[in-house]
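**Q** Predicted model follows, preceded by the sequence.
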Amino acid sequence: MQARIACAVLCTVLAGCAQQPQNAQEFREAIPGAFMGKVRTFEAKRPLRDVAKTFQARAPECLNVSVRSVSQSSTSYQNILTVYKATVVSNPQKAELHLQRDFKSGVIVPGKVPPGGLYYVVADATPLDQSRTRIDIYGPSVGTDTLVRAITGWATGDNLGCPDMTKS
Amino acid sequence: MRAALAVLVVLLGGCSSLRPYPSVTPENVVVKSALESGSILSSMRGSVHIHELDASCHSSYVGTVKLDRPSVALGLPAERASYLVFAFDGSSFLGGTTSSTSSGTVLKPRPGYRYEFAVTYKDNIYNVVLRESDPRRGASREVPRQELRGCSA
(Lines give C-alpha, C1' and ligand atoms only; values in the text may rest on other atoms or scores of the structure.)
Protein backbone atom coordinates (compact mmCIF):
# COMPACT_ATOMS: atom_id res chain seq x y z
CA MET A 1 0.00 0.00 0.00
CA GLN A 2 2.80 2.44 0.86
CA ALA A 3 4.46 1.78 -2.48
CA ARG A 4 1.18 2.40 -4.26
CA ILE A 5 0.63 5.70 -2.46
CA ALA A 6 4.21 6.73 -3.14
CA CYS A 7 3.73 5.84 -6.78
CA ALA A 8 0.51 7.84 -6.94
CA VAL A 9 2.24 10.85 -5.44
CA LEU A 10 5.30 10.42 -7.68
CA CYS A 11 3.19 10.07 -10.81
CA THR A 12 1.22 13.15 -9.87
CA VAL A 13 4.34 15.19 -9.20
CA LEU A 14 6.03 14.01 -12.38
CA ALA A 15 2.91 14.61 -14.37
CA GLY A 16 2.86 18.06 -12.88
CA CYS A 17 6.10 18.92 -14.68
CA ALA A 18 4.02 19.22 -17.80
CA GLN A 19 0.53 20.52 -18.47
CA GLN A 20 -2.10 18.18 -17.09
CA PRO A 21 -4.34 16.69 -19.81
CA GLN A 22 -7.61 18.58 -19.60
CA ASN A 23 -9.74 16.10 -21.52
CA ALA A 24 -9.71 12.52 -22.73
CA GLN A 25 -8.18 13.34 -26.09
CA GLU A 26 -5.27 15.22 -24.52
CA PHE A 27 -4.77 12.24 -22.19
CA ARG A 28 -4.67 9.80 -25.16
CA GLU A 29 -2.05 11.95 -26.85
CA ALA A 30 0.05 12.33 -23.69
CA ILE A 31 0.16 8.70 -22.51
CA PRO A 32 2.32 7.07 -25.24
CA GLY A 33 5.22 9.42 -24.53
CA ALA A 34 4.68 9.78 -20.80
CA PHE A 35 6.91 8.37 -18.09
CA MET A 36 5.23 5.15 -16.90
CA GLY A 37 2.49 5.55 -19.49
CA LYS A 38 1.19 2.60 -21.47
CA VAL A 39 -1.35 1.79 -24.15
CA ARG A 40 -2.79 -1.71 -24.01
CA THR A 41 -4.63 -3.03 -27.05
CA PHE A 42 -6.63 -6.21 -27.47
CA GLU A 43 -9.55 -7.63 -29.37
CA ALA A 44 -12.88 -8.54 -27.80
CA LYS A 45 -14.99 -11.09 -29.60
CA ARG A 46 -18.19 -9.17 -29.03
CA PRO A 47 -20.00 -6.52 -31.04
CA LEU A 48 -19.40 -2.90 -30.08
CA ARG A 49 -22.98 -2.43 -28.88
CA ASP A 50 -22.54 -5.23 -26.32
CA VAL A 51 -19.24 -3.79 -25.10
CA ALA A 52 -20.81 -0.33 -24.84
CA LYS A 53 -23.77 -1.73 -22.94
CA THR A 54 -21.48 -3.44 -20.43
CA PHE A 55 -19.36 -0.30 -19.99
CA GLN A 56 -22.53 1.70 -19.32
CA ALA A 57 -23.80 -0.84 -16.81
CA ARG A 58 -20.62 -1.59 -14.91
CA ALA A 59 -18.49 1.56 -14.99
CA PRO A 60 -20.76 3.82 -12.89
CA GLU A 61 -21.53 1.05 -10.41
CA CYS A 62 -17.96 -0.11 -9.99
CA LEU A 63 -15.86 2.98 -10.52
CA ASN A 64 -17.75 5.89 -8.97
CA VAL A 65 -16.19 5.28 -5.58
CA SER A 66 -14.14 7.00 -2.93
CA VAL A 67 -11.04 5.37 -1.53
CA ARG A 68 -9.23 6.38 1.62
CA SER A 69 -5.68 5.08 1.97
CA VAL A 70 -4.10 5.31 5.37
CA SER A 71 -0.52 4.28 5.90
CA GLN A 72 1.43 4.74 9.05
CA SER A 73 4.93 3.93 10.15
CA SER A 74 7.11 5.07 13.01
CA THR A 75 8.28 8.04 10.93
CA SER A 76 5.41 8.87 8.61
CA TYR A 77 1.66 9.08 8.31
CA GLN A 78 -0.29 9.37 5.08
CA ASN A 79 -4.03 9.77 4.70
CA ILE A 80 -5.18 10.15 1.12
CA LEU A 81 -8.80 10.44 0.02
CA THR A 82 -9.32 9.77 -3.68
CA VAL A 83 -12.66 10.21 -5.43
CA TYR A 84 -13.02 8.38 -8.74
CA LYS A 85 -15.42 9.46 -11.46
CA ALA A 86 -16.32 7.31 -14.44
CA THR A 87 -17.88 8.62 -17.63
CA VAL A 88 -19.08 6.49 -20.53
CA VAL A 89 -19.69 8.08 -23.92
CA SER A 90 -20.99 5.95 -26.76
CA ASN A 91 -22.35 6.19 -30.25
CA PRO A 92 -22.68 3.61 -33.05
CA GLN A 93 -19.04 4.13 -34.05
CA LYS A 94 -17.29 4.14 -30.69
CA ALA A 95 -17.61 3.68 -26.94
CA GLU A 96 -15.35 5.46 -24.50
CA LEU A 97 -14.82 4.94 -20.80
CA HIS A 98 -13.07 7.79 -19.00
CA LEU A 99 -11.90 7.39 -15.42
CA GLN A 100 -10.78 10.44 -13.49
CA ARG A 101 -9.51 10.68 -9.96
CA ASP A 102 -9.61 13.62 -7.65
CA PHE A 103 -7.32 13.71 -4.64
CA LYS A 104 -9.44 15.34 -1.96
CA SER A 105 -6.76 15.21 0.71
CA GLY A 106 -3.19 14.12 1.24
CA VAL A 107 -1.80 14.98 -2.20
CA ILE A 108 -0.77 18.33 -3.62
CA VAL A 109 -1.41 18.34 -7.35
CA PRO A 110 0.56 20.92 -9.31
CA GLY A 111 -1.05 22.46 -12.35
CA LYS A 112 -4.65 22.83 -13.35
CA VAL A 113 -6.88 19.89 -12.47
CA PRO A 114 -9.73 19.36 -14.96
CA PRO A 115 -13.30 19.18 -13.62
CA GLY A 116 -13.83 15.71 -12.13
CA GLY A 117 -10.15 15.16 -11.42
CA LEU A 118 -7.02 14.06 -13.22
CA TYR A 119 -7.51 11.64 -16.08
CA TYR A 120 -6.36 8.23 -14.86
CA VAL A 121 -7.48 5.68 -17.47
CA VAL A 122 -9.26 6.01 -20.82
CA ALA A 123 -10.60 2.93 -22.64
CA ASP A 124 -11.76 3.16 -26.23
CA ALA A 125 -13.85 0.52 -27.98
CA THR A 126 -14.10 0.62 -31.77
CA PRO A 127 -15.67 -1.97 -34.08
CA LEU A 128 -13.44 -4.27 -36.11
CA ASP A 129 -16.44 -5.91 -37.74
CA GLN A 130 -19.97 -6.94 -36.77
CA SER A 131 -18.81 -9.29 -34.04
CA ARG A 132 -15.39 -8.05 -32.93
CA THR A 133 -14.28 -4.92 -31.12
CA ARG A 134 -10.87 -3.37 -30.67
CA ILE A 135 -10.10 -2.09 -27.17
CA ASP A 136 -7.39 0.49 -26.44
CA ILE A 137 -6.70 1.25 -22.80
CA TYR A 138 -4.57 4.31 -22.02
CA GLY A 139 -3.13 4.71 -18.54
CA PRO A 140 -0.20 4.23 -16.19
CA SER A 141 1.93 1.13 -16.72
CA VAL A 142 1.96 0.30 -13.01
CA GLY A 143 -0.70 0.30 -10.32
CA THR A 144 -3.61 -0.26 -12.67
CA ASP A 145 -3.42 -4.02 -13.14
CA THR A 146 -6.67 -4.74 -11.30
CA LEU A 147 -8.51 -1.95 -13.06
CA VAL A 148 -7.29 -3.03 -16.49
CA ARG A 149 -8.27 -6.65 -15.79
CA ALA A 150 -11.76 -5.50 -14.81
CA ILE A 151 -12.20 -3.38 -17.95
CA THR A 152 -10.90 -6.31 -19.99
CA GLY A 153 -13.48 -8.58 -18.36
CA TRP A 154 -16.27 -6.12 -19.17
CA ALA A 155 -15.12 -5.81 -22.77
CA THR A 156 -14.87 -9.54 -23.35
CA GLY A 157 -17.88 -10.35 -21.19
CA ASP A 158 -15.84 -12.93 -19.30
CA ASN A 159 -15.98 -11.24 -15.91
CA LEU A 160 -18.41 -8.51 -14.91
CA GLY A 161 -16.93 -8.03 -11.45
CA CYS A 162 -15.82 -4.74 -10.00
CA PRO A 163 -12.17 -3.92 -9.37
CA ASP A 164 -11.22 -3.36 -5.77
CA MET A 165 -10.14 0.23 -6.18
CA THR A 166 -8.12 0.09 -2.99
CA LYS A 167 -5.80 -2.13 -5.04
CA SER A 168 -5.76 0.08 -8.15
CA MET B 1 -3.53 -5.11 37.15
CA ARG B 2 -6.76 -7.06 36.71
CA ALA B 3 -8.80 -3.84 36.87
CA ALA B 4 -6.62 -2.20 34.24
CA LEU B 5 -7.05 -5.21 31.98
CA ALA B 6 -10.81 -5.07 32.46
CA VAL B 7 -10.87 -1.39 31.52
CA LEU B 8 -8.71 -2.08 28.45
CA VAL B 9 -11.04 -4.86 27.33
CA VAL B 10 -14.07 -2.61 27.75
CA LEU B 11 -12.36 0.23 25.86
CA LEU B 12 -11.28 -2.03 23.02
CA GLY B 13 -14.73 -3.55 22.86
CA GLY B 14 -16.20 -0.10 22.62
CA CYS B 15 -14.05 0.73 19.59
CA SER B 16 -16.15 -1.48 17.37
CA SER B 17 -19.70 -0.35 16.79
CA LEU B 18 -20.56 -3.51 14.84
CA ARG B 19 -23.05 -5.94 16.32
CA PRO B 20 -24.41 -9.28 15.11
CA TYR B 21 -27.52 -9.13 12.97
CA PRO B 22 -30.42 -10.53 14.98
CA SER B 23 -32.22 -13.70 14.02
CA VAL B 24 -35.28 -12.93 11.91
CA THR B 25 -37.72 -15.54 10.61
CA PRO B 26 -38.39 -16.66 8.03
CA GLU B 27 -34.83 -16.85 6.72
CA ASN B 28 -35.60 -15.64 3.22
CA VAL B 29 -32.07 -14.66 2.16
CA VAL B 30 -29.03 -16.83 1.52
CA VAL B 31 -25.59 -15.37 0.95
CA LYS B 32 -23.20 -17.69 -0.84
CA SER B 33 -19.66 -16.40 -0.80
CA ALA B 34 -16.28 -17.35 -2.18
CA LEU B 35 -13.57 -14.96 -1.05
CA GLU B 36 -9.89 -15.25 -1.88
CA SER B 37 -7.26 -12.71 -0.98
CA GLY B 38 -5.00 -13.94 -3.75
CA SER B 39 -1.89 -13.84 -1.60
CA ILE B 40 -0.47 -15.85 1.26
CA LEU B 41 0.73 -12.59 2.78
CA SER B 42 -2.72 -11.09 3.07
CA SER B 43 -6.17 -12.02 4.23
CA MET B 44 -9.63 -11.06 3.11
CA ARG B 45 -12.73 -11.01 5.27
CA GLY B 46 -16.22 -10.45 4.02
CA SER B 47 -19.28 -9.24 5.85
CA VAL B 48 -22.67 -7.79 5.13
CA HIS B 49 -23.90 -4.81 7.11
CA ILE B 50 -27.68 -4.57 7.22
CA HIS B 51 -29.52 -1.30 7.60
CA GLU B 52 -33.26 -0.78 7.72
CA LEU B 53 -34.76 2.02 5.65
CA ASP B 54 -37.69 4.18 6.66
CA ALA B 55 -40.25 5.70 4.31
CA SER B 56 -37.88 8.59 3.60
CA CYS B 57 -35.05 6.16 2.82
CA HIS B 58 -33.12 7.13 5.92
CA SER B 59 -31.05 4.20 7.04
CA SER B 60 -30.38 2.90 10.50
CA TYR B 61 -27.86 0.19 11.19
CA VAL B 62 -29.30 -3.10 12.45
CA GLY B 63 -26.41 -5.52 12.47
CA THR B 64 -23.69 -7.38 10.64
CA VAL B 65 -23.37 -10.92 9.35
CA LYS B 66 -19.88 -12.28 8.83
CA LEU B 67 -19.33 -14.16 5.60
CA ASP B 68 -17.10 -16.69 7.26
CA ARG B 69 -18.90 -19.71 5.81
CA PRO B 70 -19.64 -20.57 2.19
CA SER B 71 -23.37 -20.18 2.82
CA VAL B 72 -25.09 -17.99 5.38
CA ALA B 73 -28.85 -17.63 5.82
CA LEU B 74 -30.59 -14.61 7.28
CA GLY B 75 -34.04 -13.14 7.45
CA LEU B 76 -35.09 -9.75 6.15
CA PRO B 77 -38.54 -8.36 6.92
CA ALA B 78 -40.83 -8.79 3.92
CA GLU B 79 -42.25 -5.69 2.26
CA ARG B 80 -39.79 -3.49 4.13
CA ALA B 81 -36.77 -2.02 2.47
CA SER B 82 -33.34 -2.92 3.78
CA TYR B 83 -29.97 -1.65 2.65
CA LEU B 84 -27.29 -4.32 2.49
CA VAL B 85 -23.66 -3.31 2.30
CA PHE B 86 -21.22 -6.05 1.34
CA ALA B 87 -17.82 -5.16 2.73
CA PHE B 88 -14.50 -6.72 1.80
CA ASP B 89 -11.84 -6.02 4.40
CA GLY B 90 -8.30 -6.90 3.52
CA SER B 91 -5.19 -6.79 5.61
CA SER B 92 -1.60 -7.55 4.81
CA PHE B 93 0.73 -9.22 7.24
CA LEU B 94 3.65 -7.13 6.03
CA GLY B 95 3.42 -3.41 6.56
CA GLY B 96 0.30 -3.64 8.70
CA THR B 97 -1.92 -1.98 6.14
CA THR B 98 -5.64 -2.50 5.84
CA SER B 99 -8.10 -1.73 3.11
CA SER B 100 -11.83 -1.94 2.71
CA THR B 101 -14.14 -1.78 -0.25
CA SER B 102 -17.88 -2.22 -0.31
CA SER B 103 -20.93 -2.56 -2.50
CA GLY B 104 -24.45 -1.74 -1.36
CA THR B 105 -27.91 -2.53 -2.62
CA VAL B 106 -31.46 -1.89 -1.50
CA LEU B 107 -33.66 -4.96 -1.16
CA LYS B 108 -37.38 -5.03 -0.39
CA PRO B 109 -38.25 -8.72 -0.13
CA ARG B 110 -41.58 -9.88 -1.45
CA PRO B 111 -43.57 -12.22 0.81
CA GLY B 112 -42.99 -15.86 -0.03
CA TYR B 113 -39.99 -15.18 -2.24
CA ARG B 114 -36.43 -16.26 -1.60
CA TYR B 115 -33.29 -14.31 -2.35
CA GLU B 116 -29.80 -15.52 -3.02
CA PHE B 117 -26.69 -13.38 -3.14
CA ALA B 118 -23.66 -14.83 -4.90
CA VAL B 119 -20.66 -12.94 -3.56
CA THR B 120 -17.18 -13.44 -4.94
CA TYR B 121 -13.84 -11.77 -4.36
CA LYS B 122 -10.90 -13.11 -6.31
CA ASP B 123 -7.72 -11.51 -7.56
CA ASN B 124 -8.91 -8.09 -6.33
CA ILE B 125 -12.12 -8.27 -8.36
CA TYR B 126 -15.43 -8.65 -6.59
CA ASN B 127 -18.96 -9.33 -7.68
CA VAL B 128 -22.31 -9.33 -5.93
CA VAL B 129 -25.18 -10.90 -7.86
CA LEU B 130 -28.71 -11.14 -6.48
CA ARG B 131 -31.34 -13.59 -7.67
CA GLU B 132 -34.98 -13.67 -6.63
CA SER B 133 -36.89 -16.93 -6.80
CA ASP B 134 -40.47 -17.93 -6.26
CA PRO B 135 -40.48 -21.41 -4.67
CA ARG B 136 -44.14 -21.89 -5.64
CA ARG B 137 -43.48 -21.50 -9.35
CA GLY B 138 -39.80 -22.43 -9.47
CA ALA B 139 -39.03 -19.30 -11.45
CA SER B 140 -36.07 -17.07 -10.72
CA ARG B 141 -34.60 -13.86 -12.07
CA GLU B 142 -31.54 -11.72 -11.54
CA VAL B 143 -32.29 -8.53 -9.65
CA PRO B 144 -30.26 -5.46 -10.63
CA ARG B 145 -28.49 -3.56 -7.91
CA GLN B 146 -30.49 -0.69 -6.52
CA GLU B 147 -28.47 2.13 -5.08
CA LEU B 148 -29.54 3.95 -1.96
CA ARG B 149 -29.61 7.16 -4.00
CA GLY B 150 -32.56 5.91 -6.06
CA CYS B 151 -34.35 4.38 -3.09
CA SER B 152 -38.13 4.41 -2.90
CA ALA B 153 -38.93 2.54 0.31
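**A** Nice, thanks for sending it over.
**Q** Around chain B, pick out the residues from chain A.
**A** Counting by CB under 8 Å from any CB of the partner chain, chain A comes close to chain B at A:1-2, A:61, A:65, A:67, A:69-72, A:146, A:149-150, A:153, A:159-167. Glycine gets a C-beta too; all of them are placed from N, C-alpha and C.
**Q** Can you show me the strands along chain B?
**A** Defined through DSSP state E, the strands belonging to chain B, from first to last, are B:29-35, B:42-53, B:59-66, B:71-74, B:82-92, B:98-107, B:114-122, B:125-134, B:139-143.
**Q** List buried residues within the residues of chain A next to chain B.
**A** Neighbour counting by 16 or more other CB atoms under 10 Å in any protein chain shown classes A:1, A:61, A:65, A:67, A:69, A:71, A:146, A:149-150, A:153, A:159-167 among the residues of chain A next to chain B as buried.
**Q** Show only the entries of those found in helices.
**A** Taking DSSP state H, the ones among those that sit in helices are A:61, A:146, A:149-150, A:153.
**Q** Quick check: phi and psi at the residue nearest to the spatial centre of chain A.
**A** Nearest to the centroid of the C-alpha atoms of chain A, with distances taken as CA atoms, centre = their mean, sits residue A:121, at 2.6 Å. Summarising the backbone geometry of residue A:121 under the convention degrees, to the nearest 10, its torsions are phi -140, psi 140.
**Q** and if you look at residue A:32?
**A** Backbone torsions for residue A:32, taken as degrees, to the nearest 10, come to phi -60, psi -30.
**Q** Check what pLDDT the residue nearest in space to the middle of chain B gets.
**A** For chain B, the residue sitting closest to the mean C-alpha position, by CA atoms, centre = their mean, is residue B:48 at 1.1 Å. In this model, residue B:48 is scored at 97, pLDDT.
**Q** For beta bridges, what are the partners of it?
**A** When assigned by DSSP bridges, residue B:48 has beta-bridge partners residue B:65, residue B:86.
**Q** so how far is residue B:144 from it?
**A** Applying CB to CB, to the nearest Å, the value for residue B:48 to residue B:144 is 18 Å.
**Q** Which residue lies closest in space to residue B:44, excluding its sequence neighbours?
**A** Across the structure, with CB to CB, 6 or more residues apart in numbering or on different chains as the measure, the residue nearest residue B:44 apart from its sequence neighbours is residue B:37 (3.9 Å).
**Q** My guess is that neighbour contacts residue B:43. True?
**A** Yes: in this structure residue B:37 lies within contact range of residue B:43 using CB atoms under 8 Å: 5.4 Å.
**Q** who has more neighbours, those two?
**A** Neighbours per residue (other CB atoms under 10 Å in any protein chain shown) separate residue B:37 from residue B:43, with residue B:37 holding more: 18 against 13.
**Q** Contacts only, for that one.
**A** B:43-44, B:90 (CB atoms under 8 Å, 6 or more residues apart in numbering or on different chains).
**Q** for residue B:107, same thing?
**A** Residue B:107 sits next to B:29, B:76, B:81-84, B:115, B:130, B:143, B:146 when contact means CB under 8 Å, 6+ apart.
**Q** Quick one: buried ones out of those?
**A** In terms of neighbour count (16+ other CB under 10 Å), the buried residues within the contacts of residue B:107 are B:29, B:76, B:81-84, B:115, B:130, B:146.
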